[in-house]
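1. sharing a sequence plus its predicted fold:
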Amino acid sequence: MTAAVEGMNEVHEEKEDEMTEERNQREDKSVSGESEDQLAPENLVTRRHFLKTAGGVSIAFVAAACGPAATPTALPEDTAAPPPTTAPGITPEATAGPTSEGTGWMIYGANVEGEGIDPAVGYTLWSRWVDDNVYDALLRYKGDPPELVPHLAKSWEVSDDGLEWTFYLEEGVTFHDGTDLKASEVVYTIERMLAMGDAPSYLWEKVDPDQCEAVDDYTVKVVLKEPFGPFLFTMPWLYIVNEKLLRAEEVDGDWGAAYLRDHDAGSGPFMITNFDPAVTIDMPYYEDYWKGWTGKRIDGWSYQIHREMGTLKRLLESREIHITDRLSEDDFLVVADYPGVVVEENVSQAPFAVKMNNVRWPTSDLNFRKAVTYAMDYDGVINGLLQGHATPLTSPVPPGMAGQLDLLDSKQDMDLARQHLELSGFDVNEMTISFGYVAGDPFQRDVGLIVQETLRELGISVEVEGYTPALSVGQWESADVMNHFWPIWAASDYPDPENLLYPQYHSRNHGSWYSCSFYKSERYDELLDQARSLPKVEDRVPIYEELQRILVEDAVDVWLFAWQVRIAMLDCFKGYEWQPAGMWSTYLRPVWLEEC
């Protein structure tokens, strides 16, 4: 055990009584009695994970506004064959030299207990923080707008039909137990991911595991069942695991899943030495990391759990944690005035919208939906509920994604709303419109109350009703029972518009919270299927642009804003770089502490 880890053990002993008391207090609270502070951004889970956990609570109060988004940058998708040092047009990260200087142990303040660290299972914000630093993937996201950069794969190529992807791996990579990482581990990781079939596996549902092969020790071929253009964008999620280790730890054909509940099998810059899902995850730096270490670095870091956001605020003030993104709206405003604390605000790729049931009367009528979009009090949501800490959407695609257009004007126009309501033929005395939301989320509820108030001005009666997570799933399954309105956020798992346009609006996806508008357009489906088959971004972009126009013309939903993510950190925490893709994880190898 390193001296750094021994030092951290003393810190944990001091805090354990405090955390135990917090957990005991939580156990006495019912779900309906949760405070707003407890509605953590961790609930921003993806659609597949959501349906498994029946969660879906929004990430209200973790976002804040910043300036206009940068112009989207096209991401390179294929490279010349084999094997150049880096992919053409991509700048590699500098390979570290032989010396480095440890600057101390970094602590990230969290408010969500760890549920597991197996990269074939974990699919949440907190697991992304851990996995992105404990494991390596073939490629990584970098910058804002995000670009793909080489990582374990130094180059790659794709066949003309888009079915075969060949990756050329870096040599000299070792797992934390010293085992060499080779192409066979990539094949095993894919097989394991698809065989386990948990939340992240949907990213590779087009992969044919029986056809994937290690061509040699450092060349791997991945074969798809059918072309899937955004395939390369999923690669930063494919964390490569140690096949030899997991086969040795396998119990009853579980692919080593029991072992990975509290251990790691990675090759990343940090390794797990202590995993207590209710208290902390400790990760010292891996001295033999294949990219090396040079200059200043942290000795390691801890994902430290304090469920109460007020506790995180106090620990930041006393400089006992270095960074957190888990504060309430009010607390972000407070800590921004603390000496030595910096609050950064960045645009996410997580749009928030009010879904409208396109099948059930009267939201089945185009003019009625247009009336709602014009009547919407955008200012009340963005500047009222969120105090301006959000970026209005100008299309169904959020800022920073390729092909994003300026099609929407987030201004209320009651005159146009009345005109379209009259054209719809809806009699305001005919019925009450229903707005459903996941009970326990005050932000979703408050959006519903704003819709209720604004449509009352048109004479329309709206009932706002919260549903338990289990009952919410039942609402989304059928257009006949689905409410007229339902608010959702739509976190993008990878920075390609397909990841938002396909699951939400393609007709084959009806029956989930993500697609609960039940939109159906043959033209839309045909164009999107075409785009999904094209391996090059530049070929997909014109189609994405047309798809956005179709959705806006059909007034499918009320698109409100893109979440702004605020992160509070000590000013001695250096080297942090924001990137919005893949749940905005943070790669900690480049960071260090400056006299904290």
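-> Cool, the structure landed.

2. just for the protein, where's the confidence low?
-> 1-98, 114-115 (pLDDT under 70).

3. strands paired with the lengthiest strand in it, and their directions?
-> When the chain is parsed with DSSP state E, its longest strand is strand 341-356. Strand 341-356 has the following strand partners under DSSP bridges: strand 485-489 (antiparallel), strand 557-570 (antiparallel).

4. alpha carbons only: can I get the last one in CSV?
-> Output for strand 557-570, consisting of C-alpha atoms alone and laid out as CSV, is shown next (Å, rounded to 0.1, in the frame of the first residue of the first chain):
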residue,chain,number,x,y,z
ASP,A,557,-42.4,18.5,-29.0
VAL,A,558,-41.7,21.7,-27.1
TRP,A,559,-37.9,21.9,-27.1
LEU,A,560,-36.9,24.1,-24.2
PHE,A,561,-33.2,24.2,-23.3
ALA,A,562,-29.8,22.5,-23.1
TRP,A,563,-28.6,21.8,-19.6
GLN,A,564,-25.7,23.9,-18.3
VAL,A,565,-23.4,22.0,-16.1
ARG,A,566,-21.8,23.9,-13.2
ILE,A,567,-18.7,22.6,-11.5
ALA,A,568,-17.3,24.1,-8.3
MET,A,569,-13.6,23.6,-7.6
LEU,A,570,-10.8,25.0,-5.6
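
5. can you give me the helices for the stretch 451-596 of the chain?
-> Here the stretch 451-596 of the chain has its helices, by DSSP state H, counting those that start in this stretch, at 469-476, 498-505, 522-532, 537-553, 581-584.

6. who touches the last one?
-> The one in question is helix 581-584. 44, 124-125, 128, 141, 146, 236-237, 346, 348-349, 491-495, 565, 578 (CB atoms under 8 Å, 6 or more residues apart in numbering). For glycine as for every other residue, the C-beta is placed from the backbone atoms N, C-alpha and C.

7. try it again at 7 Å.
-> 125, 128, 141, 146, 236-237, 348-349, 491, 493-495, 565 (CB atoms under 7 Å, 6 or more residues apart in numbering).

8. what about residue 516, distance to residue 488?
-> 8 Å (CB to CB, to the nearest Å).

9. ditto for residue 102
-> 44 Å.

10. so residue 273 touches residue 285, yeah?
-> No - Residue 273 is beyond contact range of residue 285, at 10.9 Å (criterion: CB atoms under 7 Å).

11. burial of residue 188, as a residue count?
-> If you count neighbours by other CB atoms under 10 Å, residue 188 ends up with 21.

12. then the one 5 residues further on?
-> Residue 193 sits with 24 neighbouring residues when counted by other CB under 10 Å.

13. please apply the same query to the one 10 residues further on.
-> Counted with other CB under 10 Å, the neighbours of residue 203 add up to 23.

14. tell me who's in contact with it.
-> 234, 237, 493.

15. and with 6 Å instead?
-> Residues near residue 203 by CB atoms under 6 Å, 6 or more residues apart in numbering: 234, 237.

16. repeat for the one 10 residues further on
-> Taking CB under 6 Å, 6+ apart, we find residue 213 in contact with residue 221.

17. mind checking how far it is from residue 583?
-> Going from residue 213 to residue 583 by CB to CB gives 31 Å.

18. so of the helices of the stretch 451-596 of the chain, which one's packed in deepest?
-> Mean neighbour count (mean count of other CB atoms under 10 Å) peaks for helix 581-584 among these, with a mean of 25.

19. from residue 550, how far off is the nearest residue to residue 546 once chain neighbours are set aside?
-> What sits nearest to residue 546 in space, not counting adjacent residues and going by CB to CB, 6 or more residues apart in numbering, is residue 527, at 6.1 Å. Note on residue 527: its distance to residue 550, by CB to CB, is 8 Å.

20. repeat for residue 398
-> Using CB to CB, residue 398 is found at 18 Å from residue 550.

21. the one helix or strand residue 330 maps to packs against which elements?
-> Using DSSP states H and E, residue 330 falls within helix 329-335. Where contact means 3 or more CB pairs under 6 Å, 6 or more residues apart in numbering; DSSP states H and E, helix 329-335 is packed against helix 309-317.

22. what do you get if the cut-off is 10 Å, keeping everything else the same?
-> Applying 3 or more CB pairs under 10 Å, 6 or more residues apart in numbering; DSSP states H and E, we find helix 329-335 packed against helix 309-317, strand 323-324, strand 341-356, strand 557-570.

23. related to what we said a few turns ago, overlap in contacts of residue 527 and residue 550?
-> Common contacts of residue 527 and residue 550 (CB atoms under 10 Å, 6 or more residues apart in numbering): 501, 521.

24. hang on, the earlier thing: could the strands paired with strand 341-356 go into CSV alongside mean neighbour count?
-> Putting the strands paired with strand 341-356 into CSV (neighbours: other CB atoms under 10 Å) gives the following:
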stretch, mean neighbour count
strand 485-489, 25
strand 557-570, 24
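
25. got those strands as TSV, with distance to residue 504 columns?
-> Below are the strands paired with strand 341-356 laid out as TSV (distance: least, CB to CB, whole Å):
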stretch	distance to residue 504
strand 485-489	9
strand 557-570	8
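
26. would you put the C-alpha positions of stretch 545-552 in PDB?
-> Extracted C-alpha coordinates of stretch 545-552, given in PDB (Å, rounded to 0.1, in the frame of the first residue of the first chain):
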ATOM      1  CA  GLU A 545     -30.400  19.000 -41.100                       C
ATOM      2  CA  GLU A 546     -33.400  17.800 -43.000                       C
ATOM      3  CA  LEU A 547     -34.600  15.700 -40.100                       C
ATOM      4  CA  GLN A 548     -34.500  18.700 -37.800                       C
ATOM      5  CA  ARG A 549     -36.600  20.700 -40.200                       C
ATOM      6  CA  ILE A 550     -39.200  17.900 -40.400                       C
ATOM      7  CA  LEU A 551     -39.500  17.700 -36.600                       C
ATOM      8  CA  VAL A 552     -39.900  21.500 -36.200                       C
END
